[in-house]
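Colleague: have a look at this prediction, sequence included:
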Amino acid sequence: MQSQAEVRDQPPPGPPPPPEHGARLPWRWIVTALMLGFLVWAAFNVPIPVVYAYEPGPARDVEKLVEVSGERTYSSDGSLYLTTVRVDINVTVVEWIEAAIDPAKLIVSKNEVTGGRSFDRLEEIQLQQMESSKEQARVVALNALGYPPPTGDGAKILDVQEQSPAGGTLETDDVITSVNGSDVETTCDASQTIGAVEIGDEVELTVLRDGKERNLSLTTAENPEDPSKAYVGVFMTNKGFEYDPGVDVKFATGEIAGPSAGLMFSLTLYDQLTPEDLTGGRQVAGTGTIGCGGEVGAIGGIEQKVAGAEGEGADVFLAPSGNYEAALAVADAIEVVEVATFQDALDFLEGS
């Protein structure tokens, strides 16, 4: 038995030992699981703010969008389709990964889509481009059928590309009335005269700005869509446009915007006004801007448009020369045909 003194000489009890490491482990696992769960959720739901995605849009039967009066029209056994691109502005990490392995999708920067403009301004420009495209398609198709050309009061500028020869010199709403001394009645006059000069040469422009006439000079640059031609970097529409060929044409395009349906509009109108069936019973899709002389211009999103045409079950895809190789590379079961002009497209369809 211990004495009282011996009991008092023992050291006092120390603090309780700290909990073992294993006791804190469940909390760490919980926090880690929550963080991983959030990251997974974000990967599926949180958009990356600086990137967009081009995806296949719907293909539309153009005959159903075109109404012609004043002349007899003819139906076709097949169809002519315009193709579109859908722009996804809410791209997540998961969608970015999907696009990396899907050739029908393309990740692009926000600036590549908007060009630094607001969405409202971009939409306004594209809708105006669509109106110009429909107007030009009507002229090209009817001219090919022998109808007279249109007249106008000049080429009104819708938009100026900042990093182009026109940037800082021409302004939105300027009206070009003369190029190198030649009168400009329509956008065709302006674009054909500018496109005919040598790359790097100067062009002399007369423009109306705020009701006053100005004489301006620009040095042309290589056209990014057609390196063989000069350009100044403006989008134009017709001012005071007059065209009364005796045929009334209406295109019900709704929210479809941009200039890339020009070729298919012109082919469909031509097909409706001629007894021969251009389609030959086939499902024919295509894309491309249409120029004043029937030139077919390159467009963006060709891979997505080919995929959309294949999804619609089209047999043939008419691709601008500038997009032909890219279209051919992604085509699976569809025949891709290269066209540089409206006449090229007619020759292929009528001959096959």
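Modeller: In hand now; what should we look at?
Colleague: only C-alpha atoms for contact and neighbour calcs from this point on.
Modeller: Will do.
Colleague: domain map for the chain?
Modeller: Per automatic domain parsing, the structural domains of the chain span 52-148+245-352, 151-242.
Colleague: residue 194 is in contact with residue 230, isn't it?
Modeller: Yes - counting by C-alpha atoms under 8 Å, residue 230 is a contact partner of residue 194 at 6.7 Å.
Colleague: do you know how far the residue nearest to residue 132 when sequence neighbours are not counted is from residue 197?
Modeller: Among residues not flanking residue 132 along the chain, residue 237 sits closest, at 5.9 Å (C-alpha to C-alpha, 6 or more residues apart in numbering). Taking C-alpha to C-alpha, to the nearest Å as the measure, residue 237 falls 21 Å from residue 197.
Colleague: looking at these two, which is more packed in?
Modeller: Using other C-alpha atoms under 10 Å, the more surrounded residue of residue 237 and residue 197 is residue 237, with 24 against 16.
Colleague: relative to the helix or strand encompassing the more buried one, what are the paired strands and their orientations?
Modeller: Per DSSP states H and E, residue 237 falls inside strand 234-238. With DSSP bridges as the test, strand 234-238 is paired with strand 155-160 (antiparallel).
Colleague: next helix or strand past the partner strand?
Modeller: Past strand 155-160, further along toward the C-terminus, the next helix or strand under DSSP H and E is strand 175-179.
Colleague: so what secondary structure elements neighbour that following strand?
Modeller: Other elements packing on strand 175-179 under the criterion 3 or more C-alpha pairs under 8 Å, 6 or more residues apart in numbering; DSSP states H and E are strand 155-160, helix 187-196, strand 202-209.
Colleague: pretty sure the residue nearest to residue 132 contacts residue 133?
Modeller: No - using C-alpha under 8 Å, residue 237 is not in contact with residue 133; the gap is 9.4 Å.
Colleague: helix or strand: which one has residue 29?
Modeller: Under the criterion of DSSP H and E, residue 29 resides in helix 25-45.
Colleague: quick one: average pLDDT of that helix?
Modeller: Averaged across helix 25-45, pLDDT comes to 70.
Colleague: check stretch 328-337 too.
Modeller: 93.
Colleague: gap between the two ends of it?
Modeller: Taking C-alpha to C-alpha, stretch 328-337 runs 9 Å from one end to the other.
Colleague: and stretch 203-223, by the same measure?
Modeller: 15 Å.
Colleague: buried stuff in it?
Modeller: Of all the residues in stretch 203-223, those buried under the rule 16 or more other C-alpha atoms under 10 Å are 203-208, 217-223.
Colleague: which residues does it contact?
Modeller: Residues from elsewhere that reach stretch 203-223 (C-alpha atoms under 8 Å, 6 or more residues apart in numbering): 164-166, 169, 173-181, 194, 197-202, 228-232.
Colleague: pLDDT at residue 266, what is it?
Modeller: Per-residue confidence (pLDDT) for residue 266: 96.
Colleague: mind giving me the packing neighbours of whichever strand or helix holds it?
Modeller: Taking DSSP H and E as the definition, residue 266 sits inside helix 262-272. Judged by 3+ C-alpha pairs under 8 Å, 6+ apart, the packing partners of helix 262-272 are strand 79-82, helix 119-144, strand 283-286, strand 289-290, helix 342-351.
Colleague: alright, I will stop here.
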